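[1] this one's sequence-less:
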């Protein structure tokens, strides 16, 4: 498990929109810690400190220690609300840590060795179907990411779920099919050229058929004239 970061917070007595706005004006973000059959704990987290954590990869799949009034609460971020204009966080939900509780989370996908993919070297592109994979596991077992090796892949090759390496206790939530994660697709220019060539072939065939029809009709007319 990666090192668990600690962020400081202060308890707040009341909820509500008015209180939340006052918290934000003070440079903090309203948040709540809940779960494990305990009373929800309303807190205020320093905005700058929280934004640093949010801007790191995998904020919603990393355990954190939130220190409130000299007491640490181990939590997992479960939801973050953002301002529709500024895109800054305006509220966070933290779930209390439980060693036994299974969670459903989305783990990001990382693609490795793009320079070693012949398909990409010749102008192909990665068509990503799933940027994250949903899994079920306990909080201690959440993967930081799933790494996909692109070495050796050609245009037309696909990467499916069976390419993933799952740690013990980590299960895919989609189990009824070997779903596609990404494909190596032909570049758009090449696809357009192939389409144009295909249309030209069809037009050529249609033109040949028309010429044959004209020649046949001309021949029939000549025969009739001779009679």
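    It's in. Just so you know, these numbers come straight off a predicted model, no measurement behind them.
[2] give me the distance between the residue nearest the centre of the chain and residue 57.
    For the chain, the residue nearest the mean C-alpha position is residue 131 (2.5 Å; CA atoms, centre = their mean). Noted for residue 131: a distance of 12 Å to residue 57, by CB to CB, to the nearest Å. Where C-beta positions appear, they are placed from N, C-alpha and C, glycine not excepted.
[3] which neighbours do the two have in common?
    Taking CB atoms under 8 Å, 6 or more residues apart in numbering as the contact rule, residue 131 and residue 57 both touch residue 108.
[4] for burial, what's the neighbour tally of the nearest residue to residue 185 once chain neighbours are set aside?
    Nearest non-adjacent residue to residue 185, counting by CB to CB, 6 or more residues apart in numbering: residue 127, 4.4 Å away. Other residues near residue 127 number 12, with proximity taken as other CB atoms under 10 Å.
[5] in this structure residue 105 contacts residue 134, no?
    Yes. Counting by CB atoms under 8 Å, residue 134 is a contact partner of residue 105 at 7.3 Å.
[6] and the chain, what are its domains?
    Using automatic domain parsing, the domain ranges for the chain come out as 5-97, 103-186.
[7] and the contacts of stretch 22-41?
    Contacts of stretch 22-41 from elsewhere in the structure, counted by CB under 8 Å, 6+ apart, are 9-12, 15, 19-20, 42-48, 50, 66, 68, 73, 75, 89-96, 98.
[8] which of those residues are buried, as a PyMOL select command?
    PyMOL command restricting these to the buried ones, with burial defined by 16 or more other CB atoms under 10 Å:
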select buried, resi 9+12+20+42+43+44+45+46+47+50+66+68+73+75+89+90+91+92+93+94+95+96
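[9] tell me which of the contacts of stretch 22-41 fall in strands.
    Within the contacts of stretch 22-41, residues falling in strands by DSSP state E are 9-11, 42-46, 66, 68, 73, 75, 89-96.
[10] quick one, strands of this structure?
    Going by DSSP E, the chain shows strands at 5-11, 28-35, 38-46, 64-68, 71-82, 89-96, 102-112, 125-128, 132-138, 146-149, 158-160, 171-172, 180-185.
[11] what is the least confident helix or strand in the chain?
    Using mean pLDDT, DSSP states H and E, helix 188-226 stands out as the lowest-scoring helix or strand of the chain, at a mean of 53.
[12] for beta bridges, what are the partners of the closest residue to residue 44 other than its chain neighbours?
    Sequence neighbours aside, residue 28 is the residue nearest to residue 44 in space, at 4.1 Å (criterion: CB to CB, 6+ apart). Taking DSSP bridges as the rule, residue 28 bridges to residue 46.
[13] how much space between residue 28 and residue 22?
    Going from residue 28 to residue 22 by CB to CB gives 9 Å.
[14] more neighbours: which of those two?
    Ranked by neighbour count (other CB under 10 Å), residue 28 and residue 22 place residue 28 first, with 21 against 15.
[15] tell me the contacts of residue 91?
    Contacts of residue 91 (CB under 8 Å, 6+ apart): 20, 29-31, 80-81.
[16] list only buried entries from these.
    Using 16+ other CB under 10 Å as the burial test, the contacts of residue 91 include 20, 29-31, 80 as buried.
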